[in-house]
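# what's the 3D shape of this:
(chains A and B)
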Amino acid sequence: MATWTPDPSFYPSPRMAMKAAPETLAYVAAFDPERKQPDAIAVVDVDPASTSYSRIVGTTAMPNAGDELHHFGWNACSSCLCPNAPHPHVERRYLVVPGLRSSRIHILDTKPNPRQPSIVKVIEPAEVAERAGYTRPHTVHCGPEGIYVAALGNREGKGPGGIFLMDHDSFDVRGQWEMDRGPQHFAYDAWWHLGHDTMVTSEWGTPDTFENGLIPEVLLGAKYGRRLHFWDLHRRKHVQTIDFGDKYQLVFELRPAHDPTKAHGFVNCVISLENLSSSIWTWYRDGDKWAVKKIIEIPAEPANEDQLPPVLKGFKACPPLVTDIDLSMDDRFLYVACWGTGDLQQYDVSDPFNPKLTGKVRIGGIVSRAAHPSGSGPLDGGPQMVEISRDGRRIYFTNSLYGAIDPQFYPDGIEGWMVKLDASPNGGIAFDPKFFVRWPKSHRPHQVRLEGGDCSSDSYCYP
Amino acid sequence: MTDTWSWLAIAGFGAFHGVNPAMGWLFAVGLGLHRGQRRVVWLALLPIALGHALSVALVAAAFVWAGLTVDARAVRIAAAIVLIGWAFWHWFYRSRHRVRVGMTTGLAGLGLWSFLMATAHGAGLMLWPALMPLCFPAGAVADSDPFLPALLGVGLHTLALLGTTAVIAVTVYEWVGLEILKRAWINIDILWTAALVAAGAWLLLA
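This is a model prediction of the structure:
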């Protein structure tokens, strides 16, 4: 229902969002890798003053098993204040939670009881496929025309993947977003520069090439995605492709600058076929075109064969596998999750072409199995989905990547955990020793969303 | 006396439309902030006013033409029904518009945006109950050309809109800042929908 004044969690600019009160709850997608028990959205208490701090205080189970909850998002956010398409009196209230495997979409209401969201609508896979023409919904973003969902497969579960729109009030699936997709075929992440009327999308692959795990032949044959696509956000038309080249595979998470006057962003490439390194690239406006520049390369670490899973033994090295990055609200710090080696790195990217490493922690990792200072003992999995508080002072992350891929790199299994770092205003990160969530064994945690919005949920029209 | 009230209502609707952030002042501020230029705020005002004026003028012309072609009473009732219908459509489908113009827009795009926003919101429709008594006094075709008062009415409405838009846009840009949005952006859609219904009801009952 419409409100009388704008939702208090909508901010005209990222600067104003940074002054918001700290979050007290985190919502975390959790899935059962065995696909026997229903997946769930868990609610974690992140209020240090609370007696249940760092504990799961609520769990909302999905109605079916096997959805593979992965990424999710809010129905509405700060972009509702944009002057060209204002919808300021919608509430940030509902979580839009897709099943990446099932293609079922769940709508959870967080308002009646924020610690125990209730499922108010379920859109069945057949309806999504029928209305949107897509399946395998992945990224969810609130934006100028409602809810944008990036999906990895078409109606038949093949390519092309793309984006579809949902109504932010009724949650009706409104249909395919693209009017002219040009050469785009693979899909993965999608986000935009509202100040530059530009949509950016990245590439993974079609569902048949990842739903049973990464296929070595496809990877080594450089047949997974390796391109960025730039679109006219309002004409919904493809305008430019940037190919990273056949050395690079899996171009994943898109983190455009929050300041709408800036025309640059960051994306991670998971693996180089040349030396197993991961890389971070800056995309930027160069005249009337978009361009990219590699700004960070994180090398693989030499390792003994017996410490490595079968898929890596021949390489005698542990790849960093940077599978998520996140940019602070002031566009100053970029956080880089190295799921393979176990590093979580912090770079100062004030100058987006000259990053400076300002902080690093290690936890889990294929070889290192590093422990948490709470006395956790050796840990498996590594830093994966990262989320940053609006004020940039707290960093949360979990350790599972994707059901079918986890055992390829962590064949002994992954026991889920979620941790928190404290970040100094001028750089530097450290574990909060009081925050270690050992996940219930039946499930593994993936994306984290913070109450009232976070650094990968909201976009802004005003600087 | 009736005439005076009509002119006042026409100007009042102009001010009401100007206050609504969805009619343009916020876009002017946004463009000014985005480009970092005070000049842009002022420049944006003109296409916003022109787009709005064109939308309102087309609706007024259509009603005047209808009034000249068919029975004025029939037009009055038809206008009332359209107004009330528009109110419901506006309320239930307000989030379904395609977004065609974004932050990189030029002045022509801004004019198009203003035209589309005014049209979709039924700005011209809302004005008709105030224009009608001037164009068709006592419900009959006057001796004079009804297009003339319609044109004057649209002009007055636009001036009131432009004045209000300018004052708010410049005040917010220069002094107040966008923090004000969080507190002061009341749900004008509710008032707007009520105004559409009230205007329709007035046509039916008065």
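
# so residue 152, which of the three states?
Using chain A here. Recorded secondary structure, residue A:152: strand (DSSP: H, G, I helix; E, B strand; the rest coil).

# oops, wrong one, chain B.
Following three-state DSSP, the label given to residue B:152 is helix.

# ok, how many other residues are close to it?
Using other CB atoms under 10 Å in any protein chain shown, residue B:152 has 14 other residues around it. Just so you know, the C-beta spots here come from the backbone N, C-alpha and C atoms, and that holds for glycine as well.

# tell me which parts of the stretch 101-250 of chain A are close to chain B?
Proximity of the stretch 101-250 of chain A to chain B (CB under 8 Å from any CB of the partner chain) is limited to residues A:144-146, A:167-169, A:174, A:194-197, A:233-234.

# need the residues you listed in CSV (columns: pLDDT, neighbour count and secondary structure).
Converted to CSV, these look like this (pLDDT from 0 to 100; neighbours: other CB atoms under 10 Å in any protein chain shown; DSSP: H, G, I helix; E, B strand; the rest coil):
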residue, pLDDT, neighbour count, secondary structure
A:144, 94, 22, coil
A:145, 94, 22, coil
A:146, 95, 25, strand
A:167, 95, 16, coil
A:168, 92, 23, coil
A:169, 90, 20, coil
A:174, 95, 17, strand
A:194, 98, 27, helix
A:195, 97, 26, helix
A:196, 98, 21, helix
A:197, 98, 20, coil
A:233, 98, 24, coil
A:234, 96, 22, coil
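
# can you count the residues close to residue 121?
Because you didn't say which chain, this covers chain A. Per other CB under 10 Å, the neighbour tally for residue A:121 reads 14.

# that was the other one, I meant chain B.
Neighbourhood size, residue B:121 [other CB under 10 Å]: 24.

# you'd agree it is up against residue B:192?
Yes. Applying CB atoms under 8 Å, one finds residue B:121 in contact with residue B:192, separated by 6.5 Å.

# residues shared between the contacts of these two?
B:20, B:90 (CB atoms under 8 Å, 6 or more residues apart in numbering or on different chains).

# now do the contacts for the residue nearest the centre of chain B.
For chain B, the residue nearest the mean C-alpha position is residue B:123 (3.5 Å; CA atoms, centre = their mean). The contact partners of residue B:123, by CB under 8 Å, 6+ apart, come to B:17, B:23, B:52, B:55-56, B:59.

# just flag the most distant two among those.
B:23 and B:59 (15.1 Å; CB to CB).

# look up phi and psi at the residue nearest to residue B:48 when sequence neighbours are not counted.
Excluding its sequence neighbours, the residue lying closest to residue B:48 (CB to CB, 6 or more residues apart in numbering or on different chains) is residue B:24, at 3.6 Å. Main-chain torsions, residue B:24, degrees, to the nearest 10: phi 140, psi -30.

# next up, the contacts around residue B:24.
By CB under 8 Å, 6+ apart, the contact set of residue B:24 is B:18, B:44-45, B:48-49, B:52, B:114, B:117, B:165, B:169.

# okay, now residue B:71: neighbour count?
So residue B:71, with other CB under 10 Å, has 12 neighbours.

# so the closest residue in space to residue A:463 that isn't next to it in sequence, which of the three states?
Nearest residue to residue A:463, sequence neighbours excluded (CB to CB, 6+ apart): residue A:261, at 4.7 Å. With three-state DSSP as the basis, residue A:261 sits in coil.

# and residue A:261, what does it touch?
A:195, A:463, B:34, B:36.

# and the last one, how many residues sit next to it?
By the measure other CB under 10 Å, the count of residues near residue B:36 is 9.

# and it, what does it touch?
By CB under 8 Å, 6+ apart, the contact list for residue B:36 reads residue A:261.

# hmm, residue A:383 is touching residue A:346, no?
No. Contact between residue A:383 and residue A:346 fails when scored by CB under 8 Å: they sit 11.3 Å apart.

# and those two? which has more neighbours close in?
Using other CB under 10 Å, the more surrounded residue of residue A:383 and residue A:346 is residue A:383, with 31 against 24.

# gap between that one and chain B?
35 Å (CB to the nearest CB, to the nearest Å).

# below-threshold pLDDT in chain B: ranges please.
B:1, B:95, B:139-143 (pLDDT under 70).

# CSV please, covering the contacts of residue A:261 and showing secondary structure and distance to residue B:71.
Converted to CSV, the contacts of residue A:261 look like this (DSSP: H, G, I helix; E, B strand; the rest coil; distance: CB to CB, whole Å):
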residue, secondary structure, distance to residue B:71
A:195, helix, 52
A:463, coil, 55
B:34, helix, 50
B:36, coil, 56
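
# what residues sit buried inside the strand or helix carrying residue B:65?
Secondary structure assigned from DSSP states H and E places residue B:65 in helix B:38-69. Residues B:40-41, B:43-45, B:47-57, B:59-60, B:63-64, B:66-67 are the ones in helix B:38-69 that count as buried (16 or more other CB atoms under 10 Å in any protein chain shown).

# torsion angles phi and psi at the closest residue in space to residue B:22 that isn't next to it in sequence?
Spatial nearest neighbour of residue B:22, chain neighbours left out: residue A:86 (5.0 Å); criterion: CB to CB, 6+ apart. Per-residue torsions, residue A:86: phi -70, psi 130 (degrees, to the nearest 10).

# residues near residue A:86, how many?
Close neighbours of residue A:86, defined as other CB under 10 Å, add up to 23.

# re earlier: and which of the contacts of residue A:261 is nearest residue B:12?
Nearest to residue B:12 out of the contacts of residue A:261 is residue B:34 (CB to CB; 31.7 Å).

# isn't the closest one up against residue B:28?
No. With contact defined as CB under 8 Å, residue B:34 and residue B:28 do not form a contacting pair (10.8 Å).

# so how far is residue A:265 from the residue nearest to residue B:48?
Remark: distance between residue B:24 and residue A:265 (CB to CB, to the nearest Å) = 30 Å.
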